[in-house]
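A.B. asks: need a structure here:
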Amino acid sequence: MQHRDRNRPEGLAAALALARSPQRPRPDTLAGPVVQAWPGRPCAIPEAGPAEQDLRALLHLSLHASDASGRLRPAPSAGALHPVDTELVLGTGCPLPPGRYGYDPLRHQVHRLGPVPADTPQGITAELSVTARRTASHYGHRARPLLLLDTGHAAAALFLAARALGTGTPELHLQGHAETPLALVRVPPHLPDHGPDGSPLSRPSARTPTPEELLARRSAPPPLPGTPDPETLRAVLTTATRAGGSDLRWCVAVGPPRPGLLELGTDGTTLRRLAAGETLPTLAAWAAGQAWIADAGAVLLARGCPEDADEPHIRRTHLRAGFAVQLAHVTARYHGAAARPVGSWQQADLGAALGAAPGQDWIVHGLALGTLHADEENTS
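C.D. replies: Now for the predicted structure:
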């Protein structure tokens, strides 16, 4: 069988088609450094003053590695390889002078890379790019979609951290227009508690996680038995649907006693049956042959991204899928469920399996779910 050179540039559409094929990756190669080697001397992130944004806490709750290997972080990553690199564009109102900085998540330090224009807005802008070699070292030709999903998860981690710290609602740029940076998250300064007239200002209505929840988020190790209750499935589906954008549709596969696919009803609050029959063994085969999925309690599925999608569409749907699954993961944990993202899918044409036209409705991302059990330990 012919294997493509994993270091040779190729179009994203062709790379996605190859990642979706049954072709198996070649043996592992060296992943390279755990974090980006930013130029210049590192500097610690100071504590925030009374009128400054807490940059140190934001990064600690979202991207900081809590172990020396760099594996354990508040955002998951395929194979715990963490390919996402973060450049920070800081305006006024931060504990560091305005400028462009590279973030080292292993040492929780930054490197000053240069100045920023005088008209740079207040607050923090995180620009997310990837070092593809880290993920390709293990996943080979399957790496390209995983890199995009990981970037979406990192964007969600920053979004959730900003919410937990009570800043203004973060501004997301996940449109997929460019290869680098792949995504931007702008965190505005803290919102005041009251307006100029003294009246209280409204806060976002969506539930805000606590810092402790974000730091406790880990990908539960298999097995994940036990189907979560309907309330949990509804909450997870609702979170993913609201966060996933218009290009994706969401459903959840459940096992016995009534196996099949469920989705939100037209009222957006009830569950309705999309299809009946055993689906989890098929999902296990499609998900790089991960047999444990056949015995999972449920699997949340993002679907879309047809085979004729252009590059911005591919980037956008995968970034959004990673973003939404990260939020759904935190929701699942809040409701007492164990959860584990599932990013690698081969021949997973769910639309065709349900009788629709082939090539139009592929599985993009997944989140395996189970009831919380005693042997759930921290792995990412």
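A.B. asks: can you confirm Ser246 is in a helix?
C.D. replies: No - the assignment for Ser246, made by DSSP: H, G, I helix; E, B strand; the rest coil, is coil rather than a helix.
A.B. asks: What is the burial count for it?
C.D. replies: Neighbourhood size, Ser246 [other C-beta atoms under 10 Å]: 9. Yep, even glycine has a C-beta here, placed from its N, CA and C like the rest.
A.B. asks: For it, report the pLDDT, please.
C.D. replies: Looking at Ser246, its pLDDT reads 96.
A.B. asks: what do you get for the one 10 residues further on?
C.D. replies: Model confidence at Pro256, expressed as pLDDT, equals 91.
A.B. asks: Please apply the same query to His194.
C.D. replies: Note on His194: pLDDT of 52.
A.B. asks: try Leu301
C.D. replies: Leu301 carries a pLDDT value of 98.
A.B. asks: How about Thr269?
C.D. replies: 86.
A.B. asks: ok, it to Ala275 distance?
C.D. replies: Distance of Thr269 to Ala275, computed by C-beta to C-beta, to the nearest Å: 21 Å.
A.B. asks: quick one: which of these two has more around it?
C.D. replies: Neighbours per residue (other C-beta under 10 Å) separate Thr269 from Ala275, with Ala275 holding more: 16 against 9.
A.B. asks: Now do the phi/psi pair for that one.
C.D. replies: Backbone torsions for Ala275, taken as degrees, to the nearest 10, come to phi -160, psi 150.
A.B. asks: can you pull the contacts of it?
C.D. replies: Gly260, Leu261, Leu354 (C-beta atoms under 8 Å, 6 or more residues apart in numbering).
A.B. asks: tell me the contacts of Ile45?
C.D. replies: Contact analysis of Ile45 by C-beta under 8 Å, 6+ apart lists Leu55, Arg56, Leu59, Pro95, Leu96, His108, Gln109, Val110.
A.B. asks: Check which helix or strand the second one maps to.
C.D. replies: Take DSSP states H and E as the rule and Arg56 turns out to sit in helix 55-62.
A.B. asks: Please work out the average pLDDT along that helix.
C.D. replies: Average pLDDT, helix 55-62: 98.
A.B. asks: Okay, now stretch 256-263: how far is its last residue from its first?
C.D. replies: This stretch, stretch 256-263, spans 17 Å end to end (C-alpha to C-alpha, to the nearest Å).
A.B. asks: what does it rub up against?
C.D. replies: Counting by C-beta under 8 Å, 6+ apart, 233, 237, 249-254, 271-280, 301, 354 sit against stretch 256-263.
A.B. asks: ok, 7 Å please
C.D. replies: If you take C-beta atoms under 7 Å, 6 or more residues apart in numbering as the criterion, stretch 256-263 is touched by 233, 250-254, 271-279.
A.B. asks: The contacts of Ala275 in strands, which ones?
C.D. replies: Within the contacts of Ala275, residues falling in strands by DSSP state E are Gly260, Leu261.
A.B. asks: Same list (the contacts of Ala275) but as a markdown table, adding distance to Ala309.
C.D. replies: Formatted as a markdown table, the contacts of Ala275 follow (distance: C-beta to C-beta, whole Å):
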| residue | distance to Ala309 |
| --- | --- |
| Gly260 | 28 |
| Leu261 | 23 |
| Leu354 | 19 |
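A.B. asks: Which single one of the contacts of Ala275 is nearest to Arg333?
C.D. replies: Taking C-beta to C-beta as the measure, Arg333 lies nearest Leu261 of the contacts of Ala275, at 23.1 Å.
A.B. asks: Can you give me the pLDDT of that closest one?
C.D. replies: As predicted, Leu261 sits at a pLDDT of 98.
A.B. asks: who wins for most neighbours among the contacts of Ala275?
C.D. replies: Leu261 (20 neighbours).
A.B. asks: Specify the beta-bridge partners of that one.
C.D. replies: Ala253, Ala275 (DSSP bridges).
A.B. asks: now the strands for the protein?
C.D. replies: For the chain, the strands defined by DSSP E occupy 42-44, 84-90, 99-104, 109-114, 124-130, 171-173, 183-187, 248-254, 260-264, 271-276, 298-304, 337-342, 362-371.
A.B. asks: Thr180 contacts Ser129, doesn't it?
C.D. replies: Yes - using C-beta atoms under 7 Å, Thr180 is in contact with Ser129, at 4.6 Å.
A.B. asks: quick one, which of the two is more surrounded?
C.D. replies: Neighbours per residue (other C-beta under 10 Å) separate Thr180 from Ser129, with Ser129 holding more: 19 against 9.
A.B. asks: Who are the contact partners of that one?
C.D. replies: By C-beta under 7 Å, 6+ apart, Ser129 lies in contact with Asp85, Thr180, Pro181, Leu182.
A.B. asks: Could you do Asp85 as well?
C.D. replies: Contacts of Asp85 were listed using C-beta under 7 Å, 6+ apart, and they are Gln36, Ser129, Val130, Thr131.
A.B. asks: Now the last one: closest residue in space, sequence neighbours ignored.
C.D. replies: Nearest residue to Thr131, sequence neighbours excluded (C-beta to C-beta, 6 or more residues apart in numbering): Pro83, at 5.1 Å.
A.B. asks: Show the pLDDT at the one you found.
C.D. replies: pLDDT recorded at Pro83 is 98.
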